[in-house]
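In: pasted the sequence and its predicted model underneath.
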Amino acid sequence: RAIYRPVAARSAILFELTSDLKFISPLSDFDIAQHANLLKSTISKCTNHSTKAPTRITSLCRDLTNAIYHLAGAALEHHHRFAFAFLIAVKVSIQGEQIRENEWEFFLNPHLVPQKQVLEDKPSASWLSDSVWIGITRLEQIIPGFVEGFVNQLAEWKEFCIGTVTQKDLPGLVESKITSFQRILIIQTVTDGSYLIDEII
C-alpha cells in the first residue's frame, strides 16, 4: 500500500480544493463520500494497466486529477474553471517541489515580502514606476540576484516592457536560470500585474 501514497496525497490536495468550491458555487459542494467514490471509480477505470507501479501511479494521479477537474468544473463559470485549473496545477507543483511555498505566497501577496533596497536606490528611469521598483526589490527575496541583473540590463528591460510581454524572452540569461512559475512572478512584478493572466494562460 505504501507505493500508492502519491495517489493518496494527490487525492488529499484535490479534496481540499473541491471542498472550498462551495464558497463559489453551491452546486460544487462535494463531500468526502463523493470524493471517495470518485477515487474508487478512477482506480477501477484506470486507463493504464501496467504492472510497473510507478507507471500505474502516474496514470492514476493523472486520471484522478482529470476526473475531479471535469466533474467540479461542470458546475463552475468559465473564469472560475480557469482559476480552479490554475490552483490544481500550483498545488500539484508544490507537492512535487517544483514550486516553493514562498513563491506561492509571493504570488498571492507580494506586499508581505520585505524590500531589499530602499526607494532611493531606484535607477533613474522615467519608465520605471516606484511601485514596480518596490516589487522588484521584493522579488529579490525570491530570486536572488534579480535586482542586480535588472539594473545592469535596464535598457533591455525597458524594451521588454514595451507592449505585450507574453511569449517574449526575458532579457539576458534570466530565462535559463528560472522556473516557469518564477517567470510568472517576474511578469507579475515588472508589469505591475498588467499581463499576469495572459502569461498564466
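Out: On my side now, so go ahead. Quick caveat: nothing in here was measured; it's all calculated off a predicted structure.
In: what segments of the protein are helices?
Out: 5-20, 32-45, 53-73, 78-95, 101-108, 130-139, 146-152, 154-161, 174-177, 180-190, 196-200 (DSSP state H).
In: which one of those helices has the lowest average pLDDT?
Out: Among the helices of the chain, helix 32-45 carries the lowest mean pLDDT, a mean of 74.
In: related to what we said a few turns ago, output the helices of the chain in a markdown table; the columns should cover distance to residue 115 and mean neighbour count.
Out: The way it works is simple: take the backbone N, C-alpha and C, and place the C-beta from them, glycine included. Listed next are the helices of the chain as a markdown table, based on distance: least, CB to CB, whole Å; neighbours: other CB atoms under 10 Å:
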| stretch | distance to residue 115 | mean neighbour count |
| --- | --- | --- |
| helix 5-20 | 32 | 16 |
| helix 32-45 | 42 | 13 |
| helix 53-73 | 38 | 17 |
| helix 78-95 | 25 | 16 |
| helix 101-108 | 13 | 15 |
| helix 130-139 | 4 | 19 |
| helix 146-152 | 10 | 17 |
| helix 154-161 | 18 | 16 |
| helix 174-177 | 20 | 14 |
| helix 180-190 | 12 | 20 |
| helix 196-200 | 21 | 16 |
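In: quote the end-to-end distance of stretch 92-106.
Out: 17 Å (CA to CA, to the nearest Å).
In: ok, the residue nearest in space to the middle of the chain to residue 174 distance?
Out: Central residue of the chain (CA atoms, centre = their mean): residue 90, 4.0 Å from the mean position. Going from residue 90 to residue 174 by CB to CB, to the nearest Å gives 21 Å.
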